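Engineer: Sequence below, structure please.
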Amino acid sequence: MPRKTGLTPAKKREAVLKLFRREEPASKIARRYGISEATLMRYRDAFLEGGIQRLQDGRRDPAEARVKELEKQLEQRDQVIGELTIANRILKKISGGQI
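Structural biologist: Down below sits the predicted model:
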């Protein structure tokens with residue numbers, strides 16, 4: 001069973017970026033973050049495949065999911081407001097009122 005490193009996605013990204021910038025050898029970077037070189041290389045591969053989202057173990061950011069949900073609700077409300085506005089104008093026109 002794999003051991004959890006306990007590194008946050010931000011720390012994983014930081015380690016990978018140090019590797020890309022060649023600030024130090026991979027062995028020193030891995031030692032500094034308390035992980036093996038193989039794990040660092042996995043982080044690198046995951047980062048290249050999908051960036052920071054991939055480093056979050058495939059989980060969606062809860063804040064991002066909430067934003068998407070709120071955007072969907074807002075879109076639905078905009079549609080209802082538009083339909084009500086059209087209905088209101090039609091009713092005003094029929095009753096002889098001004099727009």
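Engineer: pLDDT-wise, which helix or strand of the protein ranks last?
Structural biologist: helix 37-55 (a mean of 82; mean pLDDT, DSSP states H and E).
Engineer: Show me what that helix is packed up against.
Structural biologist: helix 9-21, helix 26-33 (3 or more Cβ pairs under 8 Å, 6 or more residues apart in numbering; DSSP states H and E). Bear in mind the C-beta positions are built from the backbone N, C-alpha and C, glycine included.
Engineer: and stretch 84-99, how far out from the chain's middle?
Structural biologist: 43 Å (Cα atoms, centre = their mean, to the nearest Å).
Engineer: Next, the angle from the longest helix anywhere in the chain to helix 37-55.
Structural biologist: Taking DSSP state H as the criterion, the chain has its longest helix at helix 62-95. Taking axes from the mean of the first three to the mean of the last three Cα atoms, to 10 degrees, one finds helix 62-95 and helix 37-55 inclined to each other by 10 degrees.
Engineer: Show me what counts as buried in helix 62-95.
Structural biologist: Within helix 62-95, no residue is scored as buried using 16 or more other Cβ atoms under 10 Å.
Engineer: still on that earlier bit, can you put the helices and strands packed on helix 37-55 in a markdown table and add mean pLDDT and distance to residue 49?
Structural biologist: Shown next, in a markdown table, are these (pLDDT from 0 to 100; distance: least, Cβ to Cβ, whole Å):
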| stretch | mean pLDDT | distance to residue 49 |
| --- | --- | --- |
| helix 9-21 | 92 | 12 |
| helix 26-33 | 94 | 18 |
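Engineer: Adding distance to residue 85 as columns, could you present those in JSON lines?
Structural biologist: Converted to JSON lines, the helices and strands packed on helix 37-55 look like this (distance: least, Cβ to Cβ, whole Å):
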{"stretch": "helix 9-21", "distance to residue 85": "44"}
{"stretch": "helix 26-33", "distance to residue 85": "56"}
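Engineer: Which of those helices sits closest to residue 94?
Structural biologist: Closest to residue 94 of these is helix 9-21 (Cβ to Cβ; 58.2 Å).
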